[in-house]
Each structure stands twice: as structure tokens, then as C-alpha cells.
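K.L.:
Here you go, sequence then predicted model.
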Amino acid sequence: MTIRLLRLIPALLVVTLAACDSDDTPTTPQAVAPGAPTAVSATIGDASVSLTFAPPTSDGGAAITGYTATCSSAAGAAVTGSGSASPLTVNGLTNGTEYACVVAATNSVGVGTASTSVMVMPAPTVSMGETRETLFQYISGASLHNSIARNQRNVA
């Protein structure tokens, strides 16, 4: 029995020393990509949109270095704008086309989760004087078209 115990003790000693040899120093948590920006709202312009937002509640453990706004149409065309803070402007959109726009934050780890999308449809900026004139031209054109149609029926 003594011989067996002596053989077992060195084996236990090696296992015990190996377990104690591990690095028990505390580790620093690893940073991750930031969370999603919140409270996104849009102001449309002529072939553009301005997106206002609040920073994400979590920067992922690393400072946010910038933001990117992406507006995508149903046809798959995506247009982006970037900056260091709110608001972000996305230019180069097509007036009369609907876009889903999102904002994402970036830190040293990478791009974070995108915000909830906001639907926009850019339109040209028109002054009140232009609106009245355009409306008058439309009504005049419609009246002229209706008069021509009535005259054609009367002639036939």
C-alpha cells in the first residue's frame, strides 16, 4: 500500500501544480459594437433628407467615432450620409421615391445595430407663389383639356 501511495502522490502533485499555474488575473471586458441610435426623425428636402437622432444608450465600451445614415428604396438603391453627430443629411435621393432610412453608430470595434427605419419621400421645395401658379396652370390645363374633349364630342 505504501508503494502505491507514493506513486499516486507525485501524480496528484503535478495535477495540483498545473491547476494553480493558470493566470488568475482579472480580465478587462472586451468592447463590442455600439447599440442602435434612438428617436430618429426626418425632415425631407429637395432630393435629400435630414435625420435627427439620439445617441445609442450603449457605446459598446468604446467611444463612438461616427454615424452613418442609409436610405434604401424598394428598388434596392441605397444612398448614405455620415457625420460625427446628429443631424445627418443624405443627399442624392430621387424626388417622389419612397425610402426607408436608418442610422447606425460606429466605434473602434465596428458598425453597431441600425435604428428603427423611418419612411421618407423627398420632394422639391416650392414657394407659395410657385404653388399658386402651378395650381392655376393645372386647373387651366384641365379646363382646356375638358373644353377640347367636349368640342370633339359635339363635332362627332
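P.N.:
Good, I have the coordinates.

K.L.:
Show me what the host helix or strand of Ser50 pairs with in its sheet, parallel or antiparallel.
P.N.:
Assessed by DSSP states H and E, Ser50 sits inside strand 48-54. Note on strand 48-54: by DSSP bridges, its sheet partners are strand 38-45 (antiparallel), strand 88-91 (antiparallel).

K.L.:
Can you tell me the SS state at Ala36?
P.N.:
Assigned with DSSP: H, G, I helix; E, B strand; the rest coil, Ala36 falls in the coil class.

K.L.:
Grab the nearest non-local neighbour of it.
P.N.:
Spatial nearest neighbour of Ala36, excluding adjacent residues (Cβ to Cβ, 6 or more residues apart in numbering): Thr113 at 4.2 Å. Every residue, glycine included, has its C-beta placed from N, CA and C.

K.L.:
What is the burial count for that neighbour?
P.N.:
The number of residues packed near Thr113 is 15, by other Cβ atoms under 10 Å.

K.L.:
if I pick it, what's in contact with it?
P.N.:
33-36, 56, 104 (Cβ atoms under 8 Å, 6 or more residues apart in numbering).

K.L.:
State the distance from it to Ala74.
P.N.:
23 Å (Cβ to Cβ, to the nearest Å).

K.L.:
picking up where we left off before, what helices or strands is the helix or strand just after the strand holding Ser50 leaning on?
P.N.:
Toward the C-terminus, strand 48-54 is succeeded by strand 64-73 as the next helix or strand (DSSP H and E). For strand 64-73, the elements it packs on are strand 48-54, strand 78-83, strand 88-91, strand 99-107, judged by 3 or more Cβ pairs under 8 Å, 6 or more residues apart in numbering; DSSP states H and E.
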